[in-house]
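Trainee: take this sequence and fold it.
(one chain, ligands or ions: 1)
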Amino acid sequence: MRIDVVTLFPDLVNCVSGCGVTGRAVERGILDLHCWNPRDYTEDRHRTVDDRPYGGGPGMVMKVEPLRRAIHDARQADTVPPLVVYMSPQGRRLDQDAVQRLADLPRLILIAGRYEGIDERLVELEVDEEWSIGDYVLSGGELAAMVVIDACARLLPGALGDEDSAQQDSFMTGLLDCPHYTRPEVYEGRGVPQVLLGGHHAEIERWRRKQALGRTWQRRPDLLEHRVLDEADQRLLDEYRRELAD
Ligand SMILES: NC(=O)c1ccc(NCc2ccccc2N2CCOCC2)nc1
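Mentor: Prediction:
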């Protein structure tokens, strides 16, 4: 998968290619990441990428032309047609299904805005979809773009070793994850659930599924609202709730 990011801070975005799952994906050639800086597409002496907003008001707005030229070069860098995504608080809320859809595409161009945002005519002319990583304001779109890059990279074949793919599955079920434990077996008087020490795999899987269902019901009931639990899951959830009552 190829991802191009249009950003005034390529050094920030390129951090993802230096470490972890994303770094390994880049190293393995699973993820092809490139940054394009609108400041390199200015023609004035001061390399101006922003200007004052029409209608007045605080802050500055990113100019169309430098962004447009950067996007044009990003598009031309590969024959594969890209989906152009603008990261903004006004975008649709990103969730795992949306990430899976983006990760299945051969190419993405992510636009990271700064200042108070970008000129609306750039959005009209170049942007296919607007996405938000959550209802909060960041100083720029770069961190949102890096979230998209990370979330997509994990889904690319070969990016996760087997040891991680189990982690992937638990989130793919649309449920919250179960608790995790590792050595020491007792820490400040707190032990590990006995079932995890017994090596009985069916029992362990059952316990993990029950914890995932129970925690989802307790913390994010909205995730269960549109979900019909099969009989086995419903029984596990009932058991979890009974144990809570004890
Ligand atoms: N939730 C998100 O995905 C998210 C994404 C970007 C972002 N910021 C960049 C930005 C992009 C577009 C418009 C405005 C802005 N902002 C610029 C700085 O000033 C505030 C407005 N913030 C949050």
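Trainee: CA only for contacts and neighbour counts going forward, please
Mentor: Will do.
Trainee: can you list the residues of this protein near the ligand?
Mentor: Residues of the chain lying near the ligand by Cα under 6 Å from any ligand atom: 87-89, 113-117, 132-141, 144.
Trainee: now these: which count as buried?
Mentor: 87, 88, 89, 113, 114, 117, 132, 133, 134, 140, 141, 144 (16 or more other Cα atoms under 10 Å).
Trainee: those in strands, which ones?
Mentor: The members of those that map onto strands under DSSP state E are 87, 88, 89, 132.
Trainee: for the nearest residue to the first one once chain neighbours are set aside, give its distance to residue 65.
Mentor: Right, residue 87. With sequence-adjacent residues excluded and distances taken as Cα to Cα, 6 or more residues apart in numbering, residue 87 is closest to residue 131, at 5.1 Å. From residue 131 over to residue 65 the distance is 22 Å, taken as Cα to Cα, to the nearest Å.
Trainee: these two: who's more crowded?
Mentor: Neighbours per residue, other Cα atoms under 10 Å: of residue 131 and residue 65, the larger number sits with residue 131, 20 against 16.
Trainee: just checking, that one touches residue 84?
Mentor: No - in this structure, residue 131 is not within contact of residue 84 by Cα atoms under 8 Å, at 10.6 Å.
Trainee: buried residues, the biggest helix by length in the chain. List them.
Mentor: Assignment by DSSP state H gives helix 201-219 as the longest helix of the chain. Neighbour counts over helix 201-219 (16+ other Cα under 10 Å) mark 204, 207, 208, 209, 210, 211, 212, 213, 214, 215, 216, 217 as buried.
Trainee: could the C-alpha coordinates of that helix be exported in PDB?
Mentor: The C-alpha trace of helix 201-219 is given here as PDB (Å, rounded to 0.1, in the frame of the first residue of the first chain):
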ATOM      1  CA  HIS A 201      -7.000 -23.600  26.100                       C
ATOM      2  CA  ALA A 202     -10.700 -24.000  25.700                       C
ATOM      3  CA  GLU A 203     -11.300 -22.700  29.200                       C
ATOM      4  CA  ILE A 204      -8.900 -19.800  28.600                       C
ATOM      5  CA  GLU A 205     -10.600 -18.900  25.300                       C
ATOM      6  CA  ARG A 206     -14.000 -19.000  27.100                       C
ATOM      7  CA  TRP A 207     -12.700 -16.800  29.900                       C
ATOM      8  CA  ARG A 208     -11.200 -14.300  27.400                       C
ATOM      9  CA  ARG A 209     -14.400 -14.100  25.400                       C
ATOM     10  CA  LYS A 210     -16.500 -13.600  28.500                       C
ATOM     11  CA  GLN A 211     -14.200 -10.800  29.700                       C
ATOM     12  CA  ALA A 212     -14.400  -9.100  26.300                       C
ATOM     13  CA  LEU A 213     -18.200  -9.300  26.200                       C
ATOM     14  CA  GLY A 214     -18.500  -8.200  29.900                       C
ATOM     15  CA  ARG A 215     -16.100  -5.300  29.600                       C
ATOM     16  CA  THR A 216     -17.800  -4.100  26.400                       C
ATOM     17  CA  TRP A 217     -21.200  -4.300  28.100                       C
ATOM     18  CA  GLN A 218     -19.900  -2.300  31.100                       C
ATOM     19  CA  ARG A 219     -17.800   0.300  29.300                       C
END
